[in-house]
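# everything below, folded, please.
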Amino acid sequence: MAEARNTQQDEDGPPYPTFIERWIGNNKAPIFEGAFERLIWPIRGEFPSAISVMTEPHQNTGTPQPLFDPETGEWHGIASQSITDPKVSYIEASLVNLDYWGRDWERKHMEHADPADDECEFVTYGDLENDVRPFAEQPEREDGTWSWDERSDTEILVHCCDEDRPLGKEGLTLGVRPSPGNDFVTVRDYVGAVHPWLMSMQDDILAAMRLAEVLDEEPEYPPSSEWMLSNSDYDAPRHQIIHPEEWEFRNEPPRQITG
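Numbering: from 1, shown residues only. So this is what the prediction gives:
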């Protein structure tokens, strides 16, 4: 029954537009739904063995099925489905958690950082290389214009308490295209590219998540060393990593109303 759920629009054929072209042309971004919302995607392990599939979107009940079954050598039925609705030929994935890491680090240290202290190092924004400059904290200027760069003479804290500020971690993206023989990006194509990319940044991700936990004055969940990729269509392709208890809450089946 679950396999029949497919809302993808095939009113157009290949070659398919890119994600951005769809967004601009339709004034609406393609949606990650259906198959994506069934994924159980932990930030650990290798592709494809780490990934499993729920029977229904956002209903974590029963025994999930593997995305790839090594015993039979077969892929799950959703593996060949489009990751988006409608289909696209190119997507850029990103990770919002790392975008916040540098500012979180600054928030942790700025209250006690002292320019006169030899253990603290400040540099001007203009001294940093283009590829490691943090985004402007307030991109909207007083004159109503926008810029993602700070003023070149803005001082930036880059070292404190024997820790280097994480630089060059904002705005990281991974481009995903269809595998040979496919006209659109499938679930297998997308997860097969994005999971190894996330795992290559695992140390950074864990450090960013630990720091966010430290700064949270009223944490909703206990500290964790295990994290999950959100399978909400709102969190893709600008992905968000969340606490496993939050993931469980988001993927509870609807409660039956009695009475």
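# any idea how far S89 is from E21?
Computed with CB to CB, to the nearest Å, the distance linking S89 and E21 is 9 Å. Quick note: C-beta positions are derived from backbone N, CA and C, even for glycine.
# what about the two, which has more around it?
S89 (19 against 14; other CB atoms under 10 Å).
# pretty sure the more buried one contacts F184?
Yes - shown here, S89 and F184 form a contact pair, counting by CB atoms under 8 Å, at 6.1 Å.
# quick one: low-confidence ranges for the stretch 101-250 of the chain?
Where the stretch 101-250 of the chain drops to pLDDT under 70, the residues are 138-142, 144, 146-148.
# and the helices in it?
187-200, 202-215, 244-250 (DSSP state H, counting those that start in this stretch).
# buried set for the shortest one?
Read it as helix 244-250. The neighbour-count criterion (16 or more other CB atoms under 10 Å) identifies 246-247, 250 as the buried residues of helix 244-250.
# go on, the second one?
For helix 202-215, the buried set under the neighbour-count rule, 16+ other CB under 10 Å, comprises 204-209, 211-212.
# including distance to E111, could the helices of the stretch 101-250 of the chain go into a markdown table?
Rendered in a markdown table, the data for these read as follows (distance: least, CB to CB, whole Å):
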| stretch | distance to E111 |
| --- | --- |
| helix 187-200 | 31 |
| helix 202-215 | 11 |
| helix 244-250 | 28 |
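# wait, which of these is closest to E137?
With CB to CB as the measure, helix 202-215 is the member of the helices of the stretch 101-250 of the chain nearest E137 (15.6 Å).
# which other residues reach that closest one?
Contacts of helix 202-215 from elsewhere in the structure, counted by CB atoms under 8 Å, 6 or more residues apart in numbering, are 43-44, 95, 97-98, 100-101, 104-105, 107-108, 166, 169, 198, 219, 223-225, 227, 241.
# please apply the same query to stretch 93-112.
Residues outside stretch 93-112 that contact it (CB under 8 Å, 6+ apart) are 134-135, 137, 157, 160-161, 163, 165-167, 169-174, 176, 190, 193-194, 197-198, 201, 204-205, 207-209, 211-212, 214-215, 235-241.
# among the residues you listed, name the buried ones.
134, 157, 160, 165-167, 169-170, 174, 176, 190, 193-194, 198, 201, 204-205, 207-209, 211-212, 235-237, 239, 241.
# ok, the residue nearest to P196 when sequence neighbours are not counted - contacts?
Distances taken as CB to CB, 6 or more residues apart in numbering put F47 closest to P196, at 5.9 Å, once the chain neighbours are dropped. Applying CB under 8 Å, 6+ apart, one finds that F47 lies in contact with 191-192, 195-196.
# same check on R177?
Contacts for R177 were tallied using CB under 8 Å, 6+ apart; they are 89-90, 185, 189.
# recalculate using a threshold of 7 Å.
Contacts here follow CB atoms under 7 Å, 6 or more residues apart in numbering; on that basis R177 touches 89-90, 185.
# could I get these as JSON lines with distance to R151?
Converted to JSON lines, the contacts of R177 look like this (distance: CB to CB, whole Å):
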{"residue": "S89", "distance to R151": "40"}
{"residue": "Y90", "distance to R151": "35"}
{"residue": "V185", "distance to R151": "40"}
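# and which of the residues you listed is nearest to N130?
Nearest to N130, judged by CB to CB, of the contacts of R177 is Y90 at 24.5 Å.
# give me the neighbour count for that closest one.
One way to gauge burial is a neighbour count; for Y90, by other CB under 10 Å, it gives 16.
# from S82, how far out is the closest residue to it other than its chain neighbours?
The shortest distance from Y90 to any residue other than its chain neighbours is 4.0 Å, reached at T18 (CB to CB, 6+ apart). For T18, the distance to S82 equals 13 Å [CB to CB].
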